[in-house]
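>>> pasting the sequence and the predicted model now:
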Amino acid sequence: MNQAIDHTHDPAASSWVDGANSPNAEFPIQNLPLGVFEYGQSTQRRIGVAIGDHVLDIAAALDSNVLPELAEFAIELRMTDLNALMRHGRRASGALRHAVFGLLRADSQHQEAAATCLRPMREVRMRLPVQIGDFTDFFTSIHHARRAGELMRADMPVAPNFRNMPIAYHGRASSVVESGVPCIRPRGQTAPADAAVTVQGYVPTQSLDFELEVGCLIGRGNALGSTISIDEAEDHMFGLCLVNDWSARDIQFWESYPLGPFLAKSFMTTVSPWLVTLEALAPFRVAAPARGPEDPPLSSALTSPRHAAEGGISISLEVHLQTAAMRKNGLEPVVLTRPQFSEQYWTLAQMITHHASNGCNLRTADLLSSGTVSGVERENSGCMLELTDVGKTPLRLPSGETRRFLEDGDIVWLRGVCGRDGYKSIGFGASTAQIEGAR
């Protein structure tokens, strides 16, 4: 791990881009996340860096000769996605951060030229920042595991293996989409809870759910047959994003035994458009979750003194919901839940180390997601399954409506912010989608 705090994290640093200096800005100069966008009438995808309410067009900045420090990565930075840049790992993300910070800070000597490379955020269309390789979805919140387990297998809500290793399943990379793509209600086979083999299918799911997750995009991969130590794991992490791993619970309950989820998850996964780099997250590192007396000793491969001291990341998460009726009546979205990512039982580094422990070769732009992030209290659960007790206790909304699960016309936003005394807060942007009826 190498989480150096340097001048790019100085809370007093400001930018000549006014929107970056707002007290509530998600993208101050201390953040500088990476994304891919289209602008104007062009469908050409370009790499950009978020700054305040603008996007810095990196290819345009290279053309204007205001980023000479990045000549080594000029070809990669002119690509239509981040994959080629990510293969260089943390060396590339660090160099890009320092160069762009110098260009955008208030005392920059290149303000006039750089200003021509800014695009208003309201005028860009954000696209998937990478071509996703493989997608692995983990199961790392013990609070989610316990509450979900109590609803489905009361005799053993948390399986013994959960406390010994990060559990995961392989997801579907082709249906990972960017924020803003509508979520089409999936169809599938379901079975009534009180009927053993009376199959209802293929029908639209009646239990559509969100899952609030944090995703990690792999930068440098590892060779087939090799492993990744816990202290090397973050050298393979390029950036983090928010992930909504949509779930059809009635389909999931029917299909999951004995091999786990399949069609209940593969219809769509939404990621936020900006990758927040490990460098930007340096001030928000916290200790890895402490183990209680009921927990088994950690495998020596999954811990180290450095990991124990700073293996966690403090991210305050939120889920917002707005129904069609709320929009019609001018009601703002309501916050459904506010869990903390630092309360996960397993860390991102442990996920990577375990994933490669059998010699599995992780590759550039593989997406590893945390699984549902749920807090200690039920009201801070990361999915409707927990919040409504599988629909038995509907949520009451400001419009007077109730929700057991998501309905057509609902819009769901995932948001995340990192904050710490003495440092500038940074945000992730939103992972957003509106539910549309089955086709």
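Structure received. Residues are numbered from 1 along each chain as shown.
>>> so which residues of the stretch 51-200 of the chain form helices?
58-63, 74-77, 83-86, 90-104, 111-115, 142-152 (DSSP state H, counting those that start in this stretch).
>>> ok, the residue found closest to Arg90 once you drop the neighbours it is linked to in the chain - how many residues close by?
Spatially, and ignoring its direct neighbours in sequence, Arg90 is nearest to Asp235 (6.0 Å; C-beta to C-beta, 6 or more residues apart in numbering). Where C-beta positions appear, they are placed from N, C-alpha and C, glycine not excepted. As a burial measure, Asp235 scores 19 neighbours (other C-beta atoms under 10 Å).
>>> can you classify Asp235 as helix, strand or coil?
helix (DSSP: H, G, I helix; E, B strand; the rest coil).
>>> so where's the stretch 51-200 of the chain shaky on pLDDT?
For the stretch 51-200 of the chain, applying pLDDT under 70 flags the ranges 154-156, 193-197.
>>> ok, the stretch 301-439 of the chain next?
In the stretch 301-439 of the chain (pLDDT under 70), no residue qualifies.
>>> still on that earlier bit, adding mean neighbour count and distance to Leu367, write the helices of the stretch 51-200 of the chain out as JSON lines.
Listed next are those as JSON lines, based on neighbours: other C-beta atoms under 10 Å; distance: least, C-beta to C-beta, whole Å:
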{"stretch": "helix 58-63", "mean neighbour count": "20", "distance to Leu367": "22"}
{"stretch": "helix 74-77", "mean neighbour count": "16", "distance to Leu367": "20"}
{"stretch": "helix 83-86", "mean neighbour count": "22", "distance to Leu367": "12"}
{"stretch": "helix 90-104", "mean neighbour count": "21", "distance to Leu367": "17"}
{"stretch": "helix 111-115", "mean neighbour count": "15", "distance to Leu367": "32"}
{"stretch": "helix 142-152", "mean neighbour count": "19", "distance to Leu367": "19"}
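>>> with distance to Leu317 as added columns, please give those in JSON lines.
As requested, the helices of the stretch 51-200 of the chain are exported to JSON lines (distance: least, C-beta to C-beta, whole Å):
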{"stretch": "helix 58-63", "distance to Leu317": "28"}
{"stretch": "helix 74-77", "distance to Leu317": "30"}
{"stretch": "helix 83-86", "distance to Leu317": "24"}
{"stretch": "helix 90-104", "distance to Leu317": "23"}
{"stretch": "helix 111-115", "distance to Leu317": "33"}
{"stretch": "helix 142-152", "distance to Leu317": "13"}
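>>> of all the ones you listed, which one is nearest Pro23?
Ranking those by their distance to Pro23 (criterion: C-beta to C-beta) puts helix 90-104 first, at 18.0 Å.
>>> the closest one packs against which elements?
strand 46-51, strand 54-57, helix 83-86, strand 237-244 (3 or more C-beta pairs under 8 Å, 6 or more residues apart in numbering; DSSP states H and E).
>>> include distance to Thr190 when you put these into TSV, please.
Formatted as TSV, these follow (distance: least, C-beta to C-beta, whole Å):
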stretch	distance to Thr190
strand 46-51	41
strand 54-57	43
helix 83-86	38
strand 237-244	22
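>>> so for Leu259, which of those sits nearest?
strand 237-244 (22.4 Å).
>>> so what strands line up beside the closest one?
The strands that strand 237-244 pairs with in its sheet are strand 212-218 (antiparallel), strand 269-271 (antiparallel), strand 276-277 (antiparallel) (by DSSP bridges).
>>> ok, the residue nearest to Arg90 to Gly201 distance?
From Asp235 over to Gly201 the distance is 46 Å, taken as C-beta to C-beta, to the nearest Å.
>>> and if you look at Asp410?
Distance from Asp410 to Gly201, by C-beta to C-beta: 24 Å.
>>> okay, these two: which has more neighbours?
Asp410 (23 against 11).
>>> secondary structure element holding the closest residue to that one other than its chain neighbours?
Sequence neighbours aside, Ile435 is the residue nearest to Asp410 in space, at 4.8 Å (criterion: C-beta to C-beta, 6+ apart). Here Ile435 sits within strand 426-436, counting by DSSP states H and E.
>>> so what secondary structure elements neighbour that strand?
strand 183-184, strand 237-244, strand 269-271, strand 411-418.
>>> chain center to it, what's the gap?
10 Å (C-alpha atoms, centre = their mean, to the nearest Å).
>>> paired strands for that strand, with orientation please.
strand 183-184 (parallel), strand 411-418 (antiparallel).
>>> Asp53 and Asn21 touch, don't they?
No. Asp53 lies out of contact with Asn21 (C-beta atoms under 8 Å); the separation is 10.9 Å.
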